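Participant: Build me a model:
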Amino acid sequence: MKIALIGCTKKKRDICSKAIDLYDKSDFFCKELAYAKKVLNVDSVWILSAKHHLLSADTMVAPYNVTLVGAKKSEREQWATDTFKQIKKMQSEEIPKEIYISINALQKLIKDLLILHM
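Facilitator: Presented below is the predicted three-dimensional model:
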C-alpha cells in the first residue's frame, strides 16, 4: 500500500466538507493531490492538519483558521509528536509500504520525526 501525506493550506472552503475537498481552494494543495494520485499512484491520501493533526480524506471537517506558522517551537514539537503517534497508529492498521510526504514548511518537522523513528 502506498499512501500520501499532504499538508493543509490556509485557503479552505467556507462550509463543512470532506477533508480531501476542504482545501481545494488552494492551487498548491490541488497540485500535490494530483501528483500523489496520478504520478505516484497512491492508494490513499491523508491530510496533515495544523488543527486536527492527521485526517483521512473522507473525514468531515468544519473550516478553521489554525496555523503552525509563527507557533512556538514547543507547540510545533507537540504537534509533530501528536501527529507522529497518529501516523504510527494508522501504519499499524494499514501497513503502508511507501509513504509520500509533500514538501512544504508544515511537513519539515514531521519528516524529521519520521526519519528518527522509522
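Participant: how about the top helix by length along the chain: buried residues?
Facilitator: Counting by DSSP state H, the longest helix found in the chain is helix 73-94. By 16 or more other Cβ atoms under 10 Å, the buried positions in helix 73-94 come out as 76, 79-80, 83-84, 87, 90. The way it works is simple: take the backbone N, C-alpha and C, and place the C-beta from them, glycine included.
Participant: any idea of the mean pLDDT for the helix or strand just after that helix?
Facilitator: Using DSSP states H and E, the helix or strand that directly follows helix 73-94 along the chain is strand 98-101. Taken as a whole, strand 98-101 has a mean pLDDT of 74.
Participant: What strands flank strand 98-101, and is each parallel or antiparallel?
Facilitator: Here strand 98-101 is paired, per DSSP bridges, with strand 2-7 (parallel).
Participant: Using CSV, list the CA coordinates for the partner strand.
Facilitator: Taking Å, rounded to 0.1, in the frame of the first residue of the first chain, the C-alpha atoms of strand 2-7 are listed here in CSV:
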residue,chain,number,x,y,z
LYS,A,2,1.2,3.5,-0.9
ILE,A,3,0.0,6.5,1.0
ALA,A,4,0.4,10.2,0.6
LEU,A,5,0.6,12.8,3.4
ILE,A,6,-0.3,16.2,2.1
GLY,A,7,-0.2,19.4,4.2
